[in-house]
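S.K.: turn this into a model:
(one chain, ligands or ions: 1)
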Amino acid sequence: MSAHLFAPAYKPEPFWWERSPLCAEPEPSLPASADVVIIGSGYTGLCAAIQTARGGRHTVVIEADAIGSGCSSRNGGQISTSIKPQFDSLSAKVGDNLAYDILKEGHNALKWIGEFSEAESLDCDFDVVGRFYAGHTPGQFEMIAKSIENPQKGLETDAYVVPKSEQHVEIDSPDYHGGVVFPRHASLDPGAYHKGLLSRAREAGATVIGNCGAEAISGTAGEFTIATAKGPIKARDIIVATNGYTRRLTPWQQRRIIPIGSYIIATEPLAPDLIQRLIPKNRVINDTRKLVVYYRTDPAGERILFGGRVSISETDPTAAAPAMHAEMVMRFPELADTPITHAWMGFVGYTFDEMPHLGARNGIHYSMGYCGSGVSLSSYFGTKIGQQVLGLKEGDSPLTHIDFPTRPYYWGKPWFLAPAVRYYRWKDERAA
Ligand SMILES: Cc1cc2nc3c(=O)[nH]c(=O)nc-3n(C[C@H](O)[C@H](O)[C@H](O)COP(=O)(O)OP(=O)(O)OC[C@H]3O[C@@H](n4cnc5c(N)ncnc54)[C@H](O)[C@@H]3O)c2cc1C
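M.R.: Numbering: from 1, shown residues only. Have a look, this model is predicted:
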């Protein structure tokens, strides 16, 4: 590891925490009871809390760590139509109508988050910057160009092809062979967005308490008791909003969520003419490699924030940073000597069918499994699960009515991740 890769002021924590530090205010004490107790203080938990508190329910959000310290203050801030399966493969499993309705939810979530941020005046740099999806080989470029032909009616994205000869308009990288632009995709500052949601939840009357992990749940619907690090609390309804941090507290959900570490580095501010040439339109960017990377400029348009997964098994973000830097330099050779100011990681919640899931199990509500695309999905489905608790029909979603699958011998530790990373790396090296 080269020492010069790290700037003198390097911090092993999210760049977003510079503008939006985690809450250090004194927290209220835990009430003895509430109508709704929400476990987890990320976007899912807070969006659910906004609904239930505005709906007149005494709402308490409890968080094991500092408020917002999960993925919701750590992510890349990229927003797309988000639900992963393609129409053809999904319709082969669930039929055309349900496949359409499920994928439409991703489009709904993208539209919803833009409207919601504006309606709530959230100061979070939400911007419809568009995405450049780059082909890392000529064959992969052909494949993605073909994939946007003849979109399903109602699921159009306005995507268009940019051949290699015109690629410099989108990105200055020798690594790519053309790509596809998705003009409706967006970006925001995740930490500032979380802070805005926290304010709205508190203004609505919700109590949000950090360092108050839920340790056990007993009782039945209408009469739950939750043992926490700060004592017991009774609840009529519970919402589990723990996503990639779901553990033994809720073993049924733990068997259905695959926690996968995702890692990000932030560079020092670049010279204005350099960053303007590398990513001229401030698009969010990813490419066709199976070992996923995602990157963008920061909202000020000064740095590159480069995320992905390079390590075989989970590691310290500082230990992963040199390999992340090398991945960035593969795309932008000019950044070989650009130091890193921040490196961090978090656990995304993946699912076996690559779809989010929400609903109730034994009377306990949950929403989770956004498969790395949770900025819009967790906010949208968090809102819906709050509405479900209120018994509102707008809380319904086709994703409430599908099976939430697990696999035999899976108990919450993804032993298959290391071989999968090796296999994807092998596939990427051989892709034509
Ligand atoms: C590095 C990284 C990059 C990402 N980039 C993107 C991106 O660009 N675009 C995108 O759409 N998505 C991205 N994501 C995913 C996105 O951030 C998440 O899907 C989203 O934030 C999930 O929100 P959440 O509220 O469900 O979960 P989290 O924000 O993870 O919150 C869950 C919380 O539950 C708490 N908790 C767990 N157990 C307990 C307990 N027993 N008691 C109390 N609290 C508990 C945890 O401490 C945690 O704070 C990224 C994620 C990571 C880690």
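
S.K.: how far away is the residue in the stretch 251-400 of the chain positioned nearest to the ligand from Ile144?
M.R.: Closest residue of the stretch 251-400 of the chain to the ligand, C-beta to the nearest ligand atom: Gly374 (1.8 Å). From N, CA and C alone the C-beta is placed, and that goes for glycine too. Gly374 is 23 Å from Ile144, where distance means C-beta to C-beta, to the nearest Å.

S.K.: of these two, who's got more company?
M.R.: The neighbour comparison of Gly374 against Ile144 (other C-beta atoms under 10 Å) goes to Gly374, with 29 against 18.

S.K.: can you give me the helices for the stretch 1-150 of the chain?
M.R.: 16-19, 43-54, 87-94, 96-119, 138-147 (DSSP state H, counting those that start in this stretch).

S.K.: let's have these in a markdown table, adding mean pLDDT and distance to Gln254.
M.R.: Putting the helices of the stretch 1-150 of the chain into a markdown table (pLDDT from 0 to 100; distance: least, C-beta to C-beta, whole Å) gives the following:
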| stretch | mean pLDDT | distance to Gln254 |
| --- | --- | --- |
| helix 16-19 | 98 | 28 |
| helix 43-54 | 98 | 16 |
| helix 87-94 | 95 | 24 |
| helix 96-119 | 98 | 24 |
| helix 138-147 | 96 | 34 |
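
S.K.: what sits against Gln387?
M.R.: Going by C-beta atoms under 8 Å, 6 or more residues apart in numbering, Gln387 touches 51, 394-395.

S.K.: tabulate the helices of the stretch 1-150 of the chain in TSV, adding columns for distance to His168.
M.R.: Below are the helices of the stretch 1-150 of the chain laid out as TSV (distance: least, C-beta to C-beta, whole Å):
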stretch	distance to His168
helix 16-19	30
helix 43-54	36
helix 87-94	32
helix 96-119	28
helix 138-147	15
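
S.K.: looking at the ones you listed, which is buried most?
M.R.: helix 43-54 (a mean of 29; mean count of other C-beta atoms under 10 Å).

S.K.: can I get that helix in CSV, CA atoms only?
M.R.: Output of helix 43-54 as CSV, limited to C-alpha atoms (Å, rounded to 0.1, in the frame of the first residue of the first chain):
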residue,chain,number,x,y,z
TYR,A,43,-34.4,6.0,5.2
THR,A,44,-36.9,3.1,5.7
GLY,A,45,-37.4,3.7,9.4
LEU,A,46,-37.7,7.5,9.1
CYS,A,47,-40.0,7.5,6.1
ALA,A,48,-42.2,5.0,7.9
ALA,A,49,-42.1,7.2,11.0
ILE,A,50,-43.1,10.3,9.0
GLN,A,51,-46.2,8.5,7.9
THR,A,52,-47.2,7.0,11.2
ALA,A,53,-46.5,10.1,13.2
ARG,A,54,-48.4,12.3,10.7
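
S.K.: how far off centre is that helix?
M.R.: 17 Å (C-alpha atoms, centre = their mean, to the nearest Å).

S.K.: elements contacting that helix?
M.R.: In terms of contacts (3 or more C-beta pairs under 8 Å, 6 or more residues apart in numbering; DSSP states H and E), helix 43-54 is packed against strand 33-39, strand 59-62, helix 190-203, strand 231-240, strand 364-368, helix 374-389.

S.K.: and the longest one, C-alpha only, in CSV?
M.R.: Below are the C-alpha coordinates for helix 374-389, written out as CSV (Å, rounded to 0.1, in the frame of the first residue of the first chain):
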residue,chain,number,x,y,z
GLY,A,374,-32.2,1.7,-1.7
VAL,A,375,-32.0,5.5,-1.8
SER,A,376,-35.4,5.7,-3.6
LEU,A,377,-36.7,2.2,-2.8
SER,A,378,-36.2,2.4,1.0
SER,A,379,-37.8,5.8,1.1
TYR,A,380,-40.7,4.8,-1.1
PHE,A,381,-41.3,1.4,0.6
GLY,A,382,-40.6,2.8,4.0
THR,A,383,-43.4,5.3,3.3
LYS,A,384,-45.6,2.4,2.1
ILE,A,385,-45.0,0.2,5.2
GLY,A,386,-45.9,3.2,7.4
GLN,A,387,-49.1,3.5,5.4
GLN,A,388,-49.8,-0.2,5.8
VAL,A,389,-49.5,0.2,9.6
